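**Q** structure here, sequence nowhere to be found:
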């Protein structure tokens, strides 16, 4: 049986010991919370997955959890996205500058920095994505994934990695099957 609890309020059941409770609030409404006890795993979820929906902690008994693992995503998608962003940004920049250097008489033309920014973001994306891992909790029915947001600053990346490692250790302590890469 799965119980839905409001965030930051884990009420331990009789005989339950909370090993770890972590919350992470990133930019753009990125919210993650998870807790591990000797009886259950608590994972964050949203009611309808709408942007303004509140999030809750869902209690899943340990008997319903098969495995907890840290998985490195395949870099292929990141490289493809990076390439598309770089090429697209450069093409749009070239077209924009061509139009700016050969304006139509009497028509004002505004130059934007967005295409340049997209090209630079495509260049930086593989560096930012390096070392990013997905926390995967496999249940008897379904699974839960936490893929941290892309973070440019080192502190946020280290915070996400630390939270994931602490959760893996707490799951081992709870007797769950774990694997980390």
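**A** Nice, thanks for sending it over. Just so it is clear, the model here is predicted, and its values are computed rather than measured.

**Q** could you pull out the strands for the chain?
**A** Per DSSP state E, the chain carries strands over the ranges 3-5, 18-25, 31-37, 40-46, 55-61, 65-71, 134-139, 143-146, 178-180.

**Q** mark out where each domain of this structure begins and ends.
**A** 3-72+131-180, 75-128 (automatic domain parsing).

**Q** which of those has the lowest mean pLDDT?
**A** Here the lowest mean pLDDT among the domains of the chain goes to domain 3-72+131-180, at a mean of 78.

**Q** what are the ranges of the helices in the chain?
**A** For the chain, the helices defined by DSSP state H cover 75-101, 114-129, 154-173.

**Q** redo the ones you listed as TSV? Include mean neighbour count and distance to residue 60.
**A** Any C-beta I mention is one placed from the backbone N, CA and C, and that applies to glycine too. Shown next, in TSV, are the helices of the chain (neighbours: other Cβ atoms under 10 Å; distance: least, Cβ to Cβ, whole Å):
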stretch	mean neighbour count	distance to residue 60
helix 75-101	14	29
helix 114-129	16	29
helix 154-173	17	12
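
**Q** of all those, which lies closest to residue 35?
**A** Taking Cβ to Cβ, helix 154-173 is the member of the helices of the chain nearest to residue 35, at 8.4 Å.

**Q** so what's the gap between the closest one and the chain middle?
**A** 13 Å (Cα atoms, centre = their mean, to the nearest Å).

**Q** now the angle from that helix to strand 31-37?
**A** Here the directions of helix 154-173 and strand 31-37 differ by 30 degrees (axes from the mean of the first three to the mean of the last three Cα atoms, to 10 degrees).

**Q** and residue 37, what does it touch?
**A** Residue 37 sits next to 10, 12, 16-19, 174 when contact means Cβ atoms under 8 Å, 6 or more residues apart in numbering.

**Q** again, but for residue 108
**A** Not one residue lies near residue 108 by Cβ under 8 Å, 6+ apart.

**Q** check residue 92 too.
**A** Contacts were defined as Cβ under 8 Å, 6+ apart; by that measure residue 92 touches 115, 118.

**Q** kindly report the same for residue 170.
**A** Residue 170 neighbours (Cβ under 8 Å, 6+ apart): 19-20, 36.

**Q** please report how far the residue sitting nearest the centre point of the chain lies from residue 163.
**A** The centre of the chain sits closest to residue 148, judged by Cα atoms, centre = their mean, with a distance of 2.4 Å. In this view, residue 148 and residue 163 are 8 Å apart by Cβ to Cβ, to the nearest Å.

**Q** got a ChimeraX select line for the buried ones in the contacts of residue 37?
**A** Buried residues within the contacts of residue 37, by 16 or more other Cβ atoms under 10 Å, are selected in ChimeraX with:
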select :10,18,19,174
